[in-house]
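> no sequence on this one, just coordinates:
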């Protein structure tokens, strides 16, 4: 996940625009998009150092399946990722709203809550 703004990005995997809950130590955020190789998410924080480029973070992403004719199931993806880019999107009363590009270090583990 690189930050080229002119549209000449060279991605190896397709991204899906999905707003999912993402958890990192001491923080909650929302994904903007996700691919097999990484995720871009937003978080509001006053701890800018926790999201410095080059930092490795454990993550957990929560999703819900909506297959017609089947029970709804909760899916959890968890693993680690390396912050490859960050940017201040906005300044709020609760801290800075950051956009974080995170590259997965390994494949994410998947667990499913049974209905």
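Received the coordinates, thanks. The structure presented is a predicted model; accordingly, all values stated were derived computationally and were not measured.
> Can you name every helix or strand that the helix or strand harbouring residue 81 contacts?
Element membership for residue 81 (DSSP states H and E) is strand 73-92. When contacts are defined as 3 or more C-beta pairs under 8 Å, 6 or more residues apart in numbering; DSSP states H and E, strand 73-92 packs onto strand 38-45, strand 56-65, strand 95-104, strand 109-113. C-beta: built from backbone N, CA, C; applies to glycine.
> Check which residues of it are buried.
76-77, 79, 81, 83-84, 86 (16 or more other C-beta atoms under 10 Å).
> Tell me the strands beside that strand, with direction?
Its sheet considered, strand 73-92 pairs with strand 56-65 (antiparallel), strand 95-104 (antiparallel), strand 109-113 (antiparallel) by DSSP bridges.
> Does residue 13 touch residue 35 like I think?
Yes - with contact defined as C-beta atoms under 8 Å, residue 13 counts as touching residue 35 (4.3 Å).
> which one of those two has more residues nearby?
More crowded of residue 13 and residue 35, by other C-beta atoms under 10 Å: residue 35, with 16 against 11.
> Quick one: mean pLDDT for the strand holding residue 81?
On average, the pLDDT along strand 73-92 is 95.
> and for stretch 58-69, what are the contacting residues?
By C-beta atoms under 8 Å, 6 or more residues apart in numbering, the residues outside stretch 58-69 that reach it are 18, 20-25, 31, 34, 39, 72-81, 102, 108.
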